[in-house]
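**Q** when you get a sec, could you give me coordinates for this:
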Amino acid sequence: MRFTALWLLLPLATALPNQVVLDNPLTQAGEAILDGVKDGVHRVHHKLESWFVDGREWVEKNGVTYELVTHPEFPEYSIRVKEPTLCDPSVQQYSGYLDISDGKHLFFWFFESRASPSTDPLVLWLNGGPGCSSITGLLFELGPCMVSGEGANTTYNEYSWNKNANVIFLDQPVNVGFSYSDDGSGVSTSPVAAEDVWTFLEMFVSRYEKYSKAPFHISGESYGGTYLPNLAHVIHAHNKEIKSAPSAFADKKIIKLNFESILIGNGLTSPVIQFPAVAEYACEGPYPVFEKDGPECEALYSKIPTCVRLIESCYKYNNRLTCVPAGIYCWSQMYGSFQQLGLNPYDVRRTCDREKDGGLCYKELTWIETYLNTDANKKELGVDTERGYQGCNMDVNRAFFSQGDSMHDTAALLPPLLEDGIRLLVYAGNADFMCNAIGNLEWVVALDNPFASEFRNQTNEPYIALASGKVVGEVRSAGGKGVGAGSLAYVQIYEAGHMVPYDQPEAALDMFERWISNVPLSEKAATGEELDMEAIPRQSASSLKIGS
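**A** Residues are numbered from 1 along each chain as shown. Now for the predicted structure:
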């Protein structure tokens, strides 16, 4: 049976045309660098000539004029910035590229909060794959607009996560979405990608200082469950370094990010726990796809010991020779039989006809490619019109797979963060097969951390949406001493698949805003009283917002 590594490939990717290498001028012998500080003074930066107007530095590339953002402590990096008015013209936007002297270019698109940009939190959103664009999350799930009209238009999203937050969507690693490298080369492991993201964040808040003291949260889904712990580890390490010598770093204008929390949606974080949960979900979950006592379930359960043994070997030796075989066996054996069912792996309630629905079972994802591949939209975003956009880059996907990256225990990076006060929310739609809700709860229960005992001694409580007063899921949390959302929390959203904000936008926004505002996620946490489950109205499937 042929098995393709679609696994976590949720939305989108990139073509790789070549561009001129933007070399770091500091590494080029004899390169002239003119550090102008007044209007009209020019300088050369990364082989691009820039100029100053009204105290801001500007540069032109491929016929597009950008503001150029640099930082004296990061000479190998610069940011080209446009101010587009697509999607939601009512809010301030920034888009463009983080340019790195080794020829890597990471695309970003930022939206200010619709409420109070100067005081609302700053949030980074990453999609998964690996190899898929975070702009999918923007135009398909939680951004200010949703793609419509088969890619001809967008519509206003009232449930956008920028309702009360400033949100950055970043295409990483390189060669994903509109991000690219000059020679087509890229990275193939999550730890390597994290340092570039931290540098981007530092430069962004240094330029736009009103966000520099805002509470900062990192969020994402799918393979974001692997990306985010690595990024959190890097941010936390740099923050500790800055805290150890605040005056020295202040002199260098390096800012300690006000890092508050991590949000992981339907993510892959603890393979040794989550892969065995595939059998339980497939056979005994809320939407079983096989007969509990049938041969498919018997076969799935029989493969768990070998899968676990291989993953444990990967954990122990942490190299390609052990991690790649674990990936090959576990992905193919635990997911292979599902591929024959004709169901959508991201939402088992749905069938999937890839001829009609596209390779990832959602026709809207092809609309996003249509929308972003128009020259007018590319120019507005600061993208070279010769550069193509596609949803997921299979070359990046294969590169990560060939390193065994998906088999690493990124959950192990989280306990030190929890110990130092960084909060963690894991949420999951209960109709997702790829990174199911059962496995996500199980790895959080198993995680050794300061709140483990409290978390394990609880049961899930009903999650009640504030606006409707109806049960839309389940929640469990620990820490916070009853006055907040908790230090460690798990939320399961009913009638939602892999992309929770797409299927249940109202419930997802409710969860997100309560978490970043640090208010209780359950009535029990808020009142200290047990709830009468029979007295609570339940959201019916017919009344839930399920995407078409």
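**Q** mind checking the SS state of the residue lying closest to residue 187 once chain neighbours are set aside?
**A** Sequence neighbours aside, residue 173 is the residue nearest to residue 187 in space, at 4.8 Å (criterion: Cβ to Cβ, 6 or more residues apart in numbering). Just so you know, the C-beta spots here come from the backbone N, C-alpha and C atoms, and that holds for glycine as well. Judged by DSSP: H, G, I helix; E, B strand; the rest coil, the three-state class of residue 173 is coil.
**Q** residues in contact with the nearest residue to residue 128 once chain neighbours are set aside?
**A** Spatially, and ignoring its direct neighbours in sequence, residue 128 is nearest to residue 222 (2.7 Å; Cβ to Cβ, 6+ apart). By Cβ atoms under 8 Å, 6 or more residues apart in numbering, residue 222 lies in contact with 8, 10, 127-129, 132, 265-268, 434-435, 498.
**Q** least confident of those residues?
**A** When the contacts of residue 222 are compared on pLDDT, residue 10 comes out least confident, at 36.
**Q** OK, contacts around residue 399?
**A** Neighbouring residues of residue 399 by Cβ under 8 Å, 6+ apart: 186-188.
**Q** 6 Å instead?
**A** Residue 399 is in contact with residue 188, counting by Cβ atoms under 6 Å, 6 or more residues apart in numbering.
**Q** tell me how far the helix or strand hosting it lies from the chain's centre.
**A** Using DSSP states H and E, residue 399 sits within helix 394-402. Mean-position distance between helix 394-402 and its chain equals 18 Å (Cα atoms, centre = their mean, to the nearest Å).
**Q** flag every buried residue along that helix.
**A** Within helix 394-402, the residues that qualify as buried are 394, 396-397, 399-401, counting by 16 or more other Cβ atoms under 10 Å.
**Q** circling back to that earlier point, give me the neighbour count for the residue nearest to residue 187.
**A** 28 (other Cβ atoms under 10 Å).
**Q** kindly report the same for the one 5 residues further on.
**A** Here the neighbour count serves as a burial measure; for residue 178 (other Cβ under 10 Å) it reads 28.
**Q** show me what the next helix or strand after the helix holding residue 399 is packed up against.
**A** As assigned by DSSP H and E, the chain's next helix or strand after helix 394-402 is helix 415-419. Contact partners of helix 415-419 among helices and strands, from 3 or more Cβ pairs under 6 Å, 6 or more residues apart in numbering; DSSP states H and E: none.
**Q** still on that earlier bit, out of the buried residues of helix 394-402, which comes closest to residue 301?
**A** Nearest to residue 301 out of those is residue 401 (Cβ to Cβ; 25.1 Å).
**Q** and that closest one, how far from residue 276?
**A** Residue 401 is 20 Å from residue 276, where distance means Cβ to Cβ, to the nearest Å.
**Q** residue 502 in helix, strand or coil?
**A** Three-state call for residue 502 (three-state DSSP): helix.
**Q** sorry, that was for residue 78
**A** Residue 78 - assigned by three-state DSSP - is strand.
**Q** I figured it hits residue 101, correct?
**A** No. Residue 78 lies out of contact with residue 101 (Cβ atoms under 6 Å); the separation is 8.7 Å.
**Q** mean confidence score for the host helix or strand of residue 492?
**A** Remark: residue 492 resides in strand 488-493, with elements defined by DSSP H and E. Confidence for strand 488-493, expressed as mean pLDDT, is 98.
**Q** that one packs against which elements?
**A** Other helices and strands packing on strand 488-493, by 3+ Cβ pairs under 6 Å, 6+ apart, are strand 423-429, helix 437-446, strand 471-478.
**Q** which of these sits most buried?
**A** Burial among these, expressed as mean neighbours by mean count of other Cβ atoms under 10 Å, is greatest for strand 423-429, which shows a mean of 27.
**Q** any regions of the stretch 251-400 of the chain where pLDDT drops low?
**A** Within the stretch 251-400 of the chain, no stretch has pLDDT under 70.
**Q** look up how far residue 378 lies from residue 208.
**A** In terms of Cβ to Cβ, residue 208 sits 23 Å off from residue 378.
**Q** oh, I was asking about residue 72
**A** Residue 72 is 32 Å from residue 378, by Cβ to Cβ.
**Q** buried stuff in the helix ranked longest in the chain?
**A** If you go by DSSP state H, the chain has its longest helix at helix 295-317. Neighbour counts using 16+ other Cβ under 10 Å place 296-297, 300, 303-304, 307-308, 310-311, 313-315 of helix 295-317 among the buried residues.
**Q** quick one: which of those is nearest to residue 383?
**A** residue 314 (37.8 Å).
**Q** look up the closest residue to that closest one, ignoring the ones flanking it.
**A** In space, residue 314 is closest to residue 323, 4.0 Å off (Cβ to Cβ, 6+ apart).
**Q** same question, residue 100
**A** Residue 100's closest residue in space is residue 77 (Cβ to Cβ, 6+ apart), at 5.7 Å.
**Q** before we move on, back to that, now what about the strand holding residue 492, what contacts it?
**A** Contacts of strand 488-493 (Cβ under 6 Å, 6+ apart): 424-430, 437, 441, 444, 451, 455, 463, 473-479, 500, 504, 507, 511, 521.
**Q** can you tell me which residues contact residue 426?
**A** Contacts of residue 426 by Cβ under 6 Å, 6+ apart are 264, 440, 444, 490.
**Q** what's across from it in the sheet?
**A** Under DSSP bridges, the beta-bridge partners of residue 426 are residue 264, residue 490.
**Q** ok, for residue 163, nearest residue in space, not its chain neighbours?
**A** Among residues not flanking residue 163 along the chain, residue 114 sits closest, at 5.4 Å (Cβ to Cβ, 6+ apart).
**Q** meant to ask about residue 503, not that
**A** Closest to residue 503 by Cβ to Cβ, 6+ apart is residue 496, at 4.0 Å.
**Q** just to be sure, the one you found is in a strand?
**A** No. According to three-state DSSP, residue 496 belongs to no strand; its state is coil.
**Q** ok, it - contacts?
**A** 429, 503-504.
**Q** what helix or strand is residue 324 on?
**A** Using DSSP H and E, residue 324 falls in helix 320-335.
**Q** actually residue 369, sorry about that
**A** Residue 369 belongs to helix 363-372, assigned by DSSP H and E.
**Q** tally of neighbours for residue 462?
**A** That count, for residue 462 with other Cβ under 10 Å as the rule, works out to 17.
**Q** pLDDT score for it?
**A** So residue 462 comes in at 97 (pLDDT).
**Q** can you classify it as helix, strand or coil?
**A** State at residue 462, reduced to three classes by three-state DSSP: strand.
**Q** tell me the pLDDT of the closest residue to it other than its chain neighbours.
**A** Closest residue to residue 462 apart from its sequence neighbours, by Cβ to Cβ, 6+ apart: residue 471 at 4.5 Å. On pLDDT, residue 471 comes in at 97.
**Q** quickly note the distance from residue 471 to residue 460.
**A** In terms of Cβ to Cβ, residue 471 sits 11 Å off from residue 460.
**Q** do residue 174 as well
**A** Residue 174 is 40 Å from residue 460, by Cβ to Cβ.
**Q** so for the two, which residue has more residues nearby?
**A** Shown here are residue 174 and residue 460; by other Cβ under 10 Å, residue 174 has more neighbours (27 against 14).
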